[in-house]
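Enquirer: Sequence first, then the predicted structure, then my questions.
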Amino acid sequence: MSRIPPENGVDGDDERDEEVEEDDGVSGEEDGEEEDEPRLKYQRMGGSVPTVLTTDSASCIAVSERMIALGTLGGIVHILDFLGNQIKEFTAHSAAVNGLCFDIEGEYIGSCSDDGSVVVNSLFSDEKRKFEYHRPMKAIALDPDYARKASRRFVAGGLAGQLIFYTKKWFGYQDQVLHSGEGPLHAVTWRTSLIAWANDAGVKIYDTANDQRVTFIEKPRGSPHPELLLPHLVWQDDTLLVIGWGTSVKIASIRIHQQKTANGTYRDAPVTSMNKVDIVASFQTRYYISGIAPFGDSLVVLAFIPTEDGEKVFSSDLPSHQGNAQRPEVRVVTWNNDELATDALPVHGFEHYKAKDYSLAHTPFSGSSYAGGQWAAGDEPLYYIVSPKDVVIAKPRDAEDHINWLLQHGWHEKALAAVEAGEGRSELLEEVGSRYLDHLIVERKYAEAAALCPKLLRGSASAWERWVFHFAQLRQLPVLVPYIPTDNPRLSDTVYELALVALATNPAYHKDLLSVVKSWSPALYSLLPVISAIEPQLKTSSSTDSLKEALAELYVIDGQFEKAFSLFADLMKPDIFDFIEKHNLHDAIGEKVVQLMTLDLKRAVSLYIQHRDLITPADVVSQLLEAGDQCDSRYFLFLYLHSLFEVNPDAGKDFHDMQVELYAEYDPKMLLPFLRSSQHYTLEKAYAICMKKVLLREQVFILGRMGNTKQALAVIINELGDMEEAIEFVSLQNDDELWEELIKQCLHKPEMIGMLLEHTVGNLDPLDIVNMVPDGLEIPRLRDRLVKIIADYRTETSLRQGCNDILKADCINLLIKYYKEARHAIYLSNEEDEARSKRDDKRAVESLGRGPSLRNLELKSKTRGGGRCCMCFDPFSIQNVSVVVFFCCHAYHMTCYIDSSNSLSNNEGAWAF
């Protein structure tokens, strides 16, 4: 099907097989208003129709479920298929065909003409019946069951004003006048047992089953004469009759009730009361009705738009040659006259036609399958708009038409949603998706286009790669990277490398680069090209922390842990210490002292002290000093040197002078222990620092180390006012002059004298202090202090006496013990007794070792001697010689002892010479 171009030709155009353009089919809309989607789509009927209408003009049409009948002004009835191809041709009349009607089976076609004849032709046999009258016949309706029943009933009427009911009997046809006397008959239609017709008075309905009239519906007031604008009667179903007349539309509902038959079944029958027909809808239009048909729960109206000189439209039966008529319109309206769609049809020669030159027919349709704006597949009704030189087919738009219309109007998202909802063929997804992506890229909505790619491209690797390179050419690849699949499908390595490089070259996407490097498998791409592309970026102004971290992650994947550590340290990553331990990078931490200490001071200090053989204290201190204001380097130095001093006091001895200053600044309480422990600081510098920080006890200690004890004592007394410390300091010096200096320093300070008196016990004689106190000097609480001195003295005297008594008692007890021990005999054992004694001694030692404590055991005196001479080591038992035994249990032969004594005397004499 091709489209009908907008044109104004009358009959000289050969483009009759083109489809009616929908864009030109909408009229009356102002620019800027949102266009409503059409409900119908149009196509000019092709096949034999263009040829037929070249030499003749169409006058009427009828449609069955099998075929189409087209009547012409030349009196010919053309039987066509739905594509317009001619099947049969009946030269039935000598004048214009005014009406056509199929039976429900589509086997017979009835026609009537201005020549006064009515013809019923069989479409599948040679059967033909022709009836002649003397007046033009305008309408005909076959019994829907014409082919099934032998009665061959039909009705016809015309200018004679009679509606004639024909029935076949045994001896031929019998005609019956159902109605007459109210003017010409203009239209008639037959549904089940109901016949409806229109004349000059109005519309009447007759029930053939009961042989009675059902109702009468008056002609709308102000309607044009029926000869100029015909009324239109259409059955929507068995009980609804649609009437379109002039500018009025009415819908009549025939109420049905059931009557019981003789065999006990029920059949539908019209109600016999006066209220058996209801007008369920009625409205007026601003246009003339040239045709009407049901459209599901709505109506399709063929509208003729009157011009300003509308009175002239019906002034002549001849075609107008002024060419001022407007295009006919197909309107879809509700029963309340709400317009759902309006399409203007550019039919050939529309400028010269009047309202009665058009007609509308539709395929038989019950309307039951219409739901949600779409027709069930295969159940779409077809509408045929007939003009003298055109037959246009209209049918409801399907899902693909809806999708195409959305695409044409730029509503790609709605089109995509429709395809995803299952409307149209599944193959449309790729087409709609591609057009949607193209549209978004033209609109520079790259992010939206990228987000749609997974949905549209799905598992097509080639499509993905094509769009990746397309985005890369547009320099918009970074927005697509988060959606690029890594599996099912997996793309080529080049695609992933290109994506990573695109993220690296744009600082706005460095965070995305980091995320992608962490999430993508390293097997997807080659590391070297990506690393080579990122490394130069670090030296430019576009470098960011995210870029550094991404490069560090790539280094880790590539096994370059030291380079990764350097970047992680600069980025102050909290887990860098675990990274160092995991990959044993202690050799690489020497250049990142400041960074590591800034990140975690205590952990970094512990790390540098633990590996001080690799990173010397001098290296650590130099880096911290060079850091300057980058961090709190002095505090870092303090904590590092303090921890180092605790581990090894001599490891940082070169920095003890600095350490004194750091202690004074950050932890003065630790300075004095440090001064006492260290021997590697300069006393003068340390003293100057303490003077500056007013650290008095530290000054006292340093002055003491320097030998300035008197000055140190003056600081204690004058600055600290701590007599206990002063006395302790003087006591440690062991200098009597210093005691005198202490007393002199206190003589003019009554409170200090009192405190001195309190602490002199055991150090000074209080009388010496009292004698040196000037006369008349008031000493606070002197009486109490003297009482305390006396009490302390008495206590001291009592303690001394008690100690003396204890010493005397101990001396007596020891003498008694010594006396008793001296009286003990000493047993000299033999060899057997000696062996047994050794075993007993060994057991005793073992038992003592298992005992709770040696201190709790009483040591017994030794009362057993050996069985051998300590000189010759012979057993005493083998010689009959006197034995000498000492209290220490050493025993000797008398002869051995004497010889030994003489030898010793001789040696002493020789030495004297």
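Expert: Sure thing, it's come through. Being a predicted model, the structure only gives us computed values, none of them experimental.
Enquirer: Which residue, other than its chain neighbours, is closest to Glu105?
Expert: Closest residue in space to Glu105, ignoring its immediate chain neighbours: Ala147 at 4.5 Å, by CB to CB, 6 or more residues apart in numbering. For every residue, glycine as well, the C-beta is placed using N, CA and C.
Enquirer: go on, Lys692?
Expert: Ala664 (7.8 Å).
Enquirer: Over to Met670?
Expert: Tyr663 (5.3 Å).
Enquirer: which residues does the one you found contact?
Expert: By CB atoms under 8 Å, 6 or more residues apart in numbering, the contact list for Tyr663 reads 638, 642, 670-671, 674.
Enquirer: try 7 Å this time
Expert: By CB atoms under 7 Å, 6 or more residues apart in numbering, the contact set of Tyr663 is 670-671, 674.
Enquirer: Tell me the one among those nearest to Ser282.
Expert: Met670 (106.3 Å; CB to CB).
Enquirer: show me where pLDDT drops low in the stretch 251-400 of the chain?
Expert: Low-confidence segments of the stretch 251-400 of the chain (pLDDT under 70): 256-275, 308-323, 365-379.
Enquirer: Helices of that one, residue ranges please.
Expert: 399-408 (DSSP state H, counting those that start in this stretch).
Enquirer: following the stretch of helix or strand Ala569 belongs to, which helix or strand comes up?
Expert: Counting by DSSP states H and E, the element that carries Ala569 is helix 561-570. Scanning forward in sequence from helix 561-570 by DSSP H and E, the next helix or strand is helix 576-583.
Enquirer: May I see the buried residues of that next one?
Expert: Neighbour-count burial for helix 576-583, with 16 or more other CB atoms under 10 Å as criterion, is recorded at 576-577, 579-580.
Enquirer: Go through those residues and name the one nearest Ser434.
Expert: So of the buried residues of helix 576-583, ranked by how close each gets to Ser434 (CB to CB), first place is Phe579, at 47.1 Å.
Enquirer: Please report how far the closest one lies from Ala564.
Expert: Distance, Phe579 to Ala564, by CB to CB, to the nearest Å: 8 Å.
Enquirer: Next: Leu498.
Expert: According to CB to CB, Leu498 stands 24 Å off from Ala564.
Enquirer: And the helices in the stretch 601-750 of the chain, which stretches?
Expert: Taking DSSP H, counting those that start in this stretch as the criterion, the stretch 601-750 of the chain carries its helices at 601-610, 617-627, 633-647, 656-666, 671-677, 683-693, 696-706, 709-714, 723-733, 736-747, 750-758.
Enquirer: Count the residues that sit near Lys669.
Expert: A count of nearby residues for Lys669, using other CB atoms under 10 Å, gives 8.
Enquirer: before we move on, what about the one 3 residues further on?
Expert: Counted by other CB under 10 Å, the residues lying close to Leu672 total 17.
Enquirer: okay, now the closest residue to it other than its chain neighbours: neighbour count?
Expert: The spatially closest residue to Leu672, leaving aside those adjacent along the chain, is Glu698, at 5.3 Å (CB to CB, 6+ apart). Residues within reach of Glu698, counting by other CB under 10 Å, total 24.
Enquirer: who touches Glu698 in this structure?
Expert: Glu698 neighbours (CB under 7 Å, 6+ apart): 671-672, 675, 690.
Enquirer: Closest one to Glu89 out of the residues you listed, please.
Expert: Taking CB to CB as the measure, Glu89 sits nearest to Leu671 out of these, at 126.5 Å.
Enquirer: What's the separation between the closest residue in space to that closest one that isn't next to it in sequence and Tyr608?
Expert: Of all residues not flanking Leu671 in the chain, Tyr663 sits nearest, at 4.0 Å (CB to CB, 6+ apart). In this view, Tyr663 and Tyr608 are 19 Å apart by CB to CB.
Enquirer: Excluding sequence neighbours, find me the nearest residue to Ala150.
Expert: Lys168 (6.6 Å).
Enquirer: what's across from the one you found in the sheet?
Expert: Beta bridges link Lys168 to Tyr173 when assigned by DSSP bridges.
Enquirer: residues near it, how many?
Expert: 15.
Enquirer: which residues touch it?
Expert: Neighbour list for Lys168: 150-152 [criterion: CB under 7 Å, 6+ apart].
Enquirer: I'd like the residues you listed written out as TSV, with secondary structure, distance to Glu549 and pLDDT added.
Expert: Below are the contacts of Lys168 laid out as TSV (DSSP: H, G, I helix; E, B strand; the rest coil; distance: CB to CB, whole Å; pLDDT from 0 to 100):
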residue	secondary structure	distance to Glu549	pLDDT
Ala150	coil	96	89
Ser151	coil	95	90
Arg152	coil	94	91
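Enquirer: In PyMOL, select just the buried ones from these.
Expert: Only the buried entries of the contacts of Lys168 go into this PyMOL selection, using 16+ other CB under 10 Å:
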select buried, resi 152
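Enquirer: mind putting the contacts of Lys168 in CSV, distance to Val647 included?
Expert: Listed next are those as CSV, based on distance: CB to CB, whole Å:
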residue, distance to Val647
Ala150, 126
Ser151, 125
Arg152, 125
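Enquirer: ok, the contacts of Lys168 vs Tyr173, which is closest?
Expert: Among the contacts of Lys168, Arg152 lies closest to Tyr173 (CB to CB), at 7.8 Å.
Enquirer: mind listing what Tyr608 touches?
Expert: The neighbours of Tyr608, taking CB under 7 Å, 6+ apart as the test, are 593, 615, 620, 640.
Enquirer: how much space between the residue nearest to Leu671 and Val700?
Expert: Taken as CB to CB, the span from Tyr663 to Val700 is 16 Å.
Enquirer: Just flag the most distant two among the contacts of Glu698.
Expert: Across the contacts of Glu698, no pair lies farther apart than Leu672 and Cys690, at 9.6 Å, counting by CB to CB.
Enquirer: Next, count neighbours for Lys395.
Expert: Lys395 is flanked by 18 other residues according to other CB under 10 Å.
Enquirer: now do Val52
Expert: Residue neighbour count, defined by other CB under 10 Å, stands at 21 for Val52.
Enquirer: Without its sequence neighbours, what residue ends up closest to it?
Expert: Nearest to Val52 is His78, by CB to CB, 6+ apart, at 5.9 Å.
Enquirer: Next: Val392.
Expert: Ile385 is the one closest to Val392 (CB to CB, 6+ apart), at 4.4 Å.
Enquirer: ok, that neighbour - contacts?
Expert: Neighbours of Ile385 in contact, by CB under 7 Å, 6+ apart: 302, 330, 345, 358, 360, 392, 394.
Enquirer: What of Tyr681?
Expert: When the contact criterion is CB under 7 Å, 6+ apart, the partners of Tyr681 are 656-657, 660.
Enquirer: re the thing from before, can you list the contacts of Tyr608 in JSON lines and add pLDDT, distance to Gln711 and neighbour count?
Expert: Shown next, in JSON lines, are the contacts of Tyr608 (pLDDT from 0 to 100; distance: CB to CB, whole Å; neighbours: other CB atoms under 10 Å):
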{"residue": "Val593", "pLDDT": "89", "distance to Gln711": "41", "neighbour count": "26"}
{"residue": "Ile615", "pLDDT": "90", "distance to Gln711": "43", "neighbour count": "20"}
{"residue": "Val620", "pLDDT": "91", "distance to Gln711": "37", "neighbour count": "26"}
{"residue": "Tyr640", "pLDDT": "91", "distance to Gln711": "34", "neighbour count": "26"}
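Enquirer: And the furthest pair within these?
Expert: That would be Ile615 and Tyr640, which, of these, are the farthest apart (CB to CB) at 10.9 Å.
Enquirer: pLDDT score assigned to the nearest residue to Trp235 once chain neighbours are set aside?
Expert: Closest residue to Trp235 apart from its sequence neighbours, by CB to CB, 6+ apart: Arg191 at 4.0 Å. If you check Arg191, the pLDDT there is 92.
Enquirer: Look up how far Asp297 lies from Arg191.
Expert: 19 Å.
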